[in-house]
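Participant: quick check, what structure comes out for this input:
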Amino acid sequence: MSTGDSTGDEIEDSAAPLIEHLTELRTRLIRSVIAFLVGMVICFTVATPIFNFLTDPLCQVLAERGQDCDLIFISPQEGFFVAVKVSLLGGFALAFPAIAHQMWRFVAPGLYRSEQGAFLPFLVASPFMFFLGAAFAFYVVTPLAYDFFLGFQQFGQAGEAVVDEQVSQGLSVVFQGSAQEYLNLTIKFILAFGLCFQLPVLLTLMGKAGLVSAPGLRQVRKYAVVGILALAALVTPPDVITQVILFVVVYGLYEVSIQLVARVERKREERLRAEGLWFEDDADDDAGEDADR
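Facilitator: Okay, here's the model as predicted:
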């Protein structure tokens with residue numbers, strides 16, 4: 001009888017921490033959602049200025065061509081959905097520090113002090129790299145892409161139809177963009193480059209955890225090139241300029257990641273040598289495993 005009671009107590013003791021963790025997770029998620037909703041409401045009240053800011057790359061390209069920056073709504077509800085999408089994007093950007101803080105408060109108690117010191121830089125680097133990628137997409141890639149797309153217009157500087165050997169019928173084709181379609185494409189650029197800029201953070205964190213190694217990343221370089229080419233074809237519009245830019249940037253980040261992982265491995269080796277825990281046989285075995293891969 002006593003044995004049964006002790007077993008029941010052990011089950012209850014093991015269930016209690018799980019319930020506490022779930023309660024803590026629920027609290028952190030609720031606070032993150034509240035922060036996101038607050039940020040979304042704030043951005044909804046200023047959705048028009050934010051949208052005007054997002055249209056700046058297009059307006060600059062149109063101004064260089066002597067055209068007005070006019071976007072249209074092709075359905076009555078499109079203006080509302082544009083404001084909602086702007087609010088979602090802006091709300092997430094505003095709430096991200098609070099969301100990251102809640103994630104850290106949930107994870108940190110389960111880590112040792114040394115692990116907290118190792119994990120915290122990645123938590124800071126991740127949003128920084130995302131915003132760096134988003135800024136690169138907005139200020140560099142997006143203007144080049146729209147300049148390429150608008151080059152297919154058949155419209156003269158003074159408003160006359162272009163009539164030459166290529167356009168024998170005098171057809172006038174001018175850009176009249178949908179506000180929602182423009183926003184969708186711009187957000188796609190921002191998210192694609194923002195996420196791709198996470199590559200060094202992800203691979204370095206995996207290297208710190210021992211999941212990848214610098215020699216292993218060098219050996220799969222040719223497969224990485226194919227994967228990056230496929231990624232560039234999927235997440236960017238079908239124009240060569242943005243695809244080449246994304247490939248060059250992501251491949252450059254891959255090479256940077258190899259150097260960062262190698263740096264992590266050198267620091268690990270130095271620490272283990274100082275503690276007398278580094279053995280050359282283990283290093284040779286690891287190198288052999290990487291060569292087999």
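Participant: ok, T236 touching A192?
Facilitator: Yes - taking Cβ atoms under 8 Å as the definition, T236 is a contact partner of A192 at 6.6 Å. In short, each C-beta sits where N, CA and C put it, glycine included.
Participant: hey, what's in contact with both of these two?
Facilitator: Contact criterion Cβ atoms under 8 Å, 6 or more residues apart in numbering; residues shared by T236 and A192: L246.
Participant: give me the packing partners of the helix or strand that V82 is a member of, helices and strands only.
Facilitator: Assigned by DSSP states H and E, V82 belongs to helix 78-107. Judged by 3 or more Cβ pairs under 8 Å, 6 or more residues apart in numbering; DSSP states H and E, the packing partners of helix 78-107 are helix 2-45, helix 47-54, helix 113-136, helix 179-196.
Participant: tell me the most buried of those?
Facilitator: Using mean count of other Cβ atoms under 10 Å, the stretch among those with the largest mean neighbour count is helix 179-196, at a mean of 19.
Participant: using CSV, write down the CA coordinates of the next helix or strand along the chain from it.
Facilitator: Downstream of helix 179-196, the next assigned helix or strand under DSSP H and E is helix 199-208. Provided in CSV are the C-alpha atoms of helix 199-208 (Å, rounded to 0.1, in the frame of the first residue of the first chain):
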residue,chain,number,x,y,z
LEU,A,199,21.7,32.3,-41.7
PRO,A,200,24.9,33.2,-39.8
VAL,A,201,23.0,33.4,-36.5
LEU,A,202,21.4,29.9,-37.1
LEU,A,203,24.5,28.2,-38.3
THR,A,204,26.7,29.7,-35.6
LEU,A,205,24.2,28.6,-32.9
MET,A,206,24.2,25.1,-34.4
GLY,A,207,28.0,25.1,-34.4
LYS,A,208,28.0,26.2,-30.8
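Participant: ok, then the element right after helix 199-208?
Facilitator: helix 214-219.
Participant: got phi/psi on L71?
Facilitator: phi -110, psi 150 (degrees, to the nearest 10).
Participant: surely it touches A179?
Facilitator: Yes - using Cβ under 8 Å, L71 is in contact with A179, at 4.3 Å.
Participant: what's the weakest-modelled helix or strand in this protein?
Facilitator: Within the chain, no helix or strand scores below helix 280-292, which has a mean of 50 by mean pLDDT, DSSP states H and E.
Participant: what confidence value was assigned to Y254?
Facilitator: The per-residue pLDDT reported for Y254 equals 90.
Participant: can you tell me the centre-most residue of the protein?
Facilitator: L195 (1.8 Å; Cα atoms, centre = their mean).
Participant: that one and T186, how far apart?
Facilitator: 15 Å (Cβ to Cβ, to the nearest Å).
Participant: could you check how far the residue lying closest to W104 once chain neighbours are set aside is from R221?
Facilitator: Nearest non-adjacent residue to W104, counting by Cβ to Cβ, 6 or more residues apart in numbering: L123, 5.9 Å away. Going from L123 to R221 by Cβ to Cβ gives 28 Å.
Participant: repeat that for F73.
Facilitator: Taking Cβ to Cβ as the measure, F73 and R221 are separated by 47 Å.
Participant: run through the chain and note the low-pLDDT ranges.
Facilitator: 1-16, 111-112, 114-118, 155-172, 237-239, 275-293 (pLDDT under 70).
Participant: residues touching M40, list them.
Facilitator: 87-88, 90-91, 95.
Participant: and P200, what does it touch?
Facilitator: Contacts of P200 (Cβ under 8 Å, 6+ apart): 129, 253, 256-257, 260.
Participant: buried ones among the residues you listed?
Facilitator: 129, 253, 257, 260 (16 or more other Cβ atoms under 10 Å).
Participant: not counting its neighbours along the chain, what's nearest the third one?
Facilitator: Right, the one you point to is S257. Closest to S257 by Cβ to Cβ, 6+ apart is L203, at 3.9 Å.
Participant: equivalent analysis for the second one, please.
Facilitator: Among residues not flanking L253 along the chain, L199 sits closest, at 4.6 Å (Cβ to Cβ, 6+ apart).
Participant: go ahead and confirm the one you found touches G252.
Facilitator: No - L199 is not in contact with G252 according to Cβ under 8 Å; the separation is 9.8 Å.
Participant: more neighbours: these two, which one.
Facilitator: Counted by other Cβ atoms under 10 Å, L199 and G252 do not tie: L199 has more neighbours, with 21 against 12.
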